[in-house]
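*Asks:* what's the 3D shape of this:
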Amino acid sequence: MQFTNTYNTESVMTGMLRKQNQKEYNRRNTGIFLRPTPEGTYYRFRLLNFPPNPEFVANSGFPYPRDYPFIVRHVHTVWEKIPDTKAENGFRNVSRTIPCPQSDYIRANSNLTGRACPICSAGNQAWTAYRDSGNKNTIAKEKGNLCRTKMEVLVPVYVVVDPTYDANNGSVKVLTLTKEQYEKLTATIRSAADVGTPIWNENAVDLYFSYGKVDKTIPGRNGSPDYHYQANDFTKIGFTLTPHEIINLGDLVSELQFDENWFIVPKLADLEEFYSRYIATTANVPNDIPNDIPNDIPVAAPAKPVVEAKPEPKSAPSSPIMPKAPAAAPTPAATPVAKAAAPVVNDIPDDIGGNAKAPAEQPAAPKQNQANLDQDIDSFLAGLKI
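*Replies:* Residues are numbered from 1 along each chain as shown. Model prediction:
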């Protein structure tokens, strides 16, 4: 699978897609790019209706081969600027396109679905982010727009007259139409079929149309004003009056290889590659990280926790009237009196280690002998002159 480019632009050849070089070359050279027609001139195409190549159907393994004249699909398309010395600003825009799994024929021919498309998934996430931001996240909005799909229809035609490029005359090409253009074409075909006009293949009339700027309008939503713009589209369309024969049309159709080159079912890896290259946030980020980063970057040692030292208890200052009592002789320690238990608070952390030791219990301080204390006070009072 190679990223298709239906607008005659360069291919993207990377990795696993390199083997599809020939098919990409064929697609670039069989697609036709519509240009505005000069006043009074028209494109003239013969519509082609032919079944798929039986050999292609047998080898493709598709349970749902193409059974109608055209290929209708949804695609993801982005535009890329590439250097071009012939362009005025040094760059030219080229389109990059890949079919989306939500296309009906892809759903029928593979296990891929719209949900499996990484481009659609990324677009849904971007639009959710845009809405969650109160419609202020312009980056998310831009990414959501890049992930959109558009319907396109591939129409095989024999070019009778191309008023903008004579080299296309007498060749078989693939015309790419938008959804709106396809609706106009099918309406024109039904009108001709209703009156029995031969419109297909060798001995038939030609489809003609002029092409140029047309005023278009997108209706506003939620009270917003309508959006008016101009885009290239059919300005006139219909079928000519006189049928005529086309020589060697069968050989030209075989050389086109319409189904082989255009009836494409992408793989999930192809979709991921397309998203990564053209849409992902990192797609345009330069790879400027140096390769010579040393592997022995010093790592700072973890800081040790600072433990504040507890101040030593200070002894009470001596009274100017009452001198300090002499130290009493030590006496045997009395049995400590148990205090009333304080209410238990559940403040044990849940992550206590299993090897922690409880702090040792400190013995109670010995009581001073009351008889000695009374004697000292009596001696002190006797020495005072009252």
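*Asks:* what sits against residue 133?
*Replies:* By Cβ atoms under 8 Å, 6 or more residues apart in numbering, residue 133 lies in contact with residue 140. Where you see a C-beta, it was placed from the backbone N, CA and C, and this is true even at glycine.
*Asks:* do the same with the one 4 residues further on
*Replies:* When contacts are counted by Cβ under 8 Å, 6+ apart, residue 137 touches 129, 130.
*Asks:* May I have the phi/psi pair for it?
*Replies:* Backbone torsions of residue 137, given as degrees, to the nearest 10, read phi -80, psi 90.
*Asks:* again, but for residue 252
*Replies:* Per degrees, to the nearest 10, the backbone of residue 252 is at phi -70, psi -40.
*Asks:* any idea what sits nearest it, other than its immediate chain neighbours?
*Replies:* residue 172 (4.3 Å; Cβ to Cβ, 6 or more residues apart in numbering).
*Asks:* Tell me who's in contact with that neighbour.
*Replies:* Residue 172 neighbours (Cβ under 8 Å, 6+ apart): 30, 48, 156, 157, 158, 159, 249, 252, 253, 255, 256.
*Asks:* how does it look with 6 Å?
*Replies:* 158, 252, 256 (Cβ atoms under 6 Å, 6 or more residues apart in numbering).
*Asks:* and what of residue 168?
*Replies:* Counted by Cβ under 6 Å, 6+ apart, residue 168 has contacts 159, 162.
*Asks:* now do 10 Å
*Replies:* Contact partners of residue 168, counting by Cβ atoms under 10 Å, 6 or more residues apart in numbering, are 32, 33, 43, 159, 160, 161, 162.
*Asks:* Which two among the residues you listed are spaced furthest apart?
*Replies:* 33 and 160 (17.1 Å; Cβ to Cβ).
*Asks:* For those two, work out which one has more neighbours and name it.
*Replies:* Remark: of residue 33 and residue 160, residue 160 carries more neighbours, 19 against 15, as counted by other Cβ atoms under 10 Å.
*Asks:* and the more buried one, what helix or strand is that in?
*Replies:* Residue 160 is part of strand 150-161 when elements are defined by DSSP states H and E.
*Asks:* go on, residue 271?
*Replies:* Counting by DSSP H and E, residue 271 is part of helix 268-278.
*Asks:* What segments of the stretch 51-200 of the chain are helices?
*Replies:* 54-60, 104-109, 118-132, 138-146, 179-194 (DSSP state H, counting those that start in this stretch).
*Asks:* Next, format those as TSV and append mean neighbour count and mean pLDDT.
*Replies:* Below are the helices of the stretch 51-200 of the chain laid out as TSV (neighbours: other Cβ atoms under 10 Å; pLDDT from 0 to 100):
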stretch	mean neighbour count	mean pLDDT
helix 54-60	12	78
helix 104-109	16	79
helix 118-132	17	88
helix 138-146	16	86
helix 179-194	14	91
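*Asks:* Quick one: closest of these to residue 152.
*Replies:* helix 179-194 (7.8 Å).
*Asks:* next helix or strand past that closest one?
*Replies:* According to DSSP H and E, the helix or strand after helix 179-194 is strand 207-218.
*Asks:* got the CA coordinates for that next one in PDB?
*Replies:* Written as PDB, here are the backbone C-alpha positions of strand 207-218 (Å, rounded to 0.1, in the frame of the first residue of the first chain):
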ATOM      1  CA  LEU A 207     -20.000  13.700 -21.500                       C
ATOM      2  CA  TYR A 208     -19.100  17.400 -21.700                       C
ATOM      3  CA  PHE A 209     -18.700  20.100 -19.100                       C
ATOM      4  CA  SER A 210     -17.100  23.500 -18.500                       C
ATOM      5  CA  TYR A 211     -15.200  24.000 -15.300                       C
ATOM      6  CA  GLY A 212     -14.500  27.200 -13.200                       C
ATOM      7  CA  LYS A 213     -15.300  29.300 -10.200                       C
ATOM      8  CA  VAL A 214     -18.800  28.800  -8.700                       C
ATOM      9  CA  ASP A 215     -20.300  30.700  -5.700                       C
ATOM     10  CA  LYS A 216     -21.100  28.300  -2.800                       C
ATOM     11  CA  THR A 217     -22.700  28.700   0.600                       C
ATOM     12  CA  ILE A 218     -22.400  26.700   3.800                       C
END
